[in-house]
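Trainee: Quick one, fold the following:
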Amino acid sequence: MRPALDLDLTDAALQTDLAELRSRFPETRALYREVCGLLFFRYGVTPTANKLYSLVRKGSMGTPAEVLQAFI
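Mentor: Numbering: from 1, shown residues only. Predicted coordinates:
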């Protein structure tokens, strides 16, 4: 797991992980849920609605907030 301070949203490994999740989870809420898990469990980063939306860019801004609430 990488330290949280080292997370770069343009990091090649992160972008590869996101692309793989996008192909496996086409439904928006499911994708946000999986990205929550990816950030928290693989990268050691506490997900926020803004961070999720900046990575996924699908749905309205309310969608990542709703998914995040269920994740917590």
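Trainee: Would you map the helices across this structure?
Mentor: Along the chain, the stretches classed as helices by DSSP state H are 12-24, 28-37, 49-56, 62-71.
Trainee: Does residue 56 touch residue 50 like I think?
Mentor: No: between residue 56 and residue 50 no contact is recorded; they are 11.3 Å apart, counting by C-beta atoms under 8 Å. Quick note: C-beta positions are derived from backbone N, CA and C, even for glycine.
Trainee: list the buried ones in stretch 41-49?
Mentor: For stretch 41-49, the neighbour count (16 or more other C-beta atoms under 10 Å) marks 43, 45, 47, 49 as buried.
Trainee: Ok, stretch 8-15 next?
Mentor: Under 16+ other C-beta under 10 Å, the buried positions of stretch 8-15 are residue 14.
Trainee: Show me what it is in contact with.
Mentor: 7, 43, 51, 54-55 (C-beta atoms under 8 Å, 6 or more residues apart in numbering).
Trainee: what about residue 60, how many residues close to it?
Mentor: Number of residues near residue 60 (other C-beta atoms under 10 Å) recorded here: 10.
Trainee: i'd like the first residue to be 91 from this point on
Mentor: Shifting the count to begin at 91 puts that one at residue 150.
Trainee: now it: how far from residue 123?
Mentor: From residue 150 across to residue 123, the span is 16 Å (C-beta to C-beta, to the nearest Å).
Trainee: For my notes, please list the helices of the chain in CSV and give mean pLDDT for each entry.
Mentor: Shown next, in CSV, are these (pLDDT from 0 to 100):
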stretch, mean pLDDT
helix 102-114, 96
helix 118-127, 97
helix 139-146, 94
helix 152-161, 94
